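attaching a predicted model along with its sequence, questions to come.
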Amino acid sequence: MYVVGEVVGASLLGVRLRRNRMKQQLSAGLLTGALAFCGLSLAGPAPACVLIVLAFLAGAAPAACPGGIRTMLTQLVTDGAVPRALSAETTLTQITWAAAPALVVFLALQVHAGAPLLLGALCAAAASILLLRLPTEPQQPPPAERAAAPLTQIWLLGWPVYLTSAASMAMLAAAELVLPAFLEQRQVAVGWSGPLLVAFALASAAGAFCYGLRLWPGSVQTQSLVLLVAMAGCLLLITVLPGASGITVGFLLAGVFQSGVMITRNLSLREQLPSHMHAAAYSVLYALGGLGYSLAAALAAVALDLGNPSAAIIGGVAITLLFATASAMAEKRSYRH
């Protein structure tokens, strides 16, 4: 229900963000999410319906924050510095992803089962306060308020980018979620799955950092397609390379390219949509990434029942490349017009 809340909240709340009230709106969402997390950590033997509502609220209330904060970040820098700013944001995100699992396990096992949720509540509450202290756009008069763009318009203008993003997240989910079964199939200790996922996140952080070091040739649409194909090729490598070392190499290289896909998809969306739609579009991108990951989790379970882990990974890569091809053709036609 938490992921469902994220998808619903990002789609519905993201389109209601206002440029001159964005900090207050995002702060309120974070504070509400903090209260929901705190409620979950203290709920104990509460009825299931209460836990479901709290989990949904914890995901939905702050779901517009990734898109809103990304919009604020890109408004605070010059256009030429936007790729570097998004690179820095992605680097920090991936470092957090690398550190969080170990911290959650330690708190849950050594402190209390609800301690990770309570820590999440404290972090969200602190972020809601710090968000209000962020600087505003420098040397610019307050912009005229625009009416919220219809969600259908945001979907229609950016659907090729959303499709590629969801497909890449689905491919990533297929690889991550079948990893323990895949290691078992290859007669590698299942305990390697944790370190491999941490290494993947750290490699993604390194890839994001490297992307921001310079300007890369080609349009962001071309870069995104090349990086996505490279990521897919690396995930295919783990199905053929022998032993733990081959799997590690494939995962590390896939992580490096995956962060580049994330950054270029955001840059592409920024190019294709007018500025007053950016916050909503980033939020929809975030929501569909989560939806793609969730659907892939369900499909991966079915694939494991019907086939083997290698087939599940190959199927996820094939579907992603099919969607990426359709998205690339749609983007090419839109630029011609």
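Nice, thanks for sending it over.

where do the helices of the stretch 101-250 of the chain begin and end?
In order along the chain, the stretch 101-250 of the chain carries the following helices (DSSP state H, counting those that start in this stretch): 115-131, 151-177, 179-185, 193-211, 220-237, 243-272.

wait, which of those is closest to Ala330?
Among these, the nearest to Ala330 by C-beta to C-beta is helix 151-177 (4.1 Å). (Each C-beta comes from the backbone N, C-alpha and C, glycine too.)

just the mean pLDDT for that closest one, thanks.
pLDDT averaged over helix 151-177 equals 76, rounded to a whole number.

with stretch 50-58 instead?
Rounded mean pLDDT across stretch 50-58 is 90.

buried ones in it?
Neighbour-count burial for stretch 50-58, with 16 or more other C-beta atoms under 10 Å as criterion, is recorded at Leu51, Val53, Leu54, Ala55, Phe56, Leu57, Ala58.

in the helix or strand harbouring Met329, which residues are buried?
Here Met329 is covered by helix 309-336, with elements defined by DSSP states H and E. Along helix 309-336, the positions that meet the burial threshold by neighbour count (16+ other C-beta under 10 Å) are 309-310, 312-317, 319-321, 323-324, 327-328, 331.

next, count neighbours for the nearest residue to Ala206 once chain neighbours are set aside.
Of all residues not flanking Ala206 in the chain, Val256 sits nearest, at 6.4 Å (C-beta to C-beta, 6 or more residues apart in numbering). The number of residues packed near Val256 is 22, by other C-beta atoms under 10 Å.

Val256 and Ala199, how far apart?
In this structure, Val256 lies at 11 Å from Ala199, with C-beta to C-beta, to the nearest Å as the measure.

what do you get for Met22?
In this structure, Met22 and Ala199 are 36 Å apart, going by C-beta to C-beta.

what does Leu132 give?
Leu132 is 37 Å from Ala199, where distance means C-beta to C-beta.

for Leu253, same thing?
11 Å.

go on, Pro309?
If you go by C-beta to C-beta, the gap between Pro309 and Ala199 works out to 19 Å.
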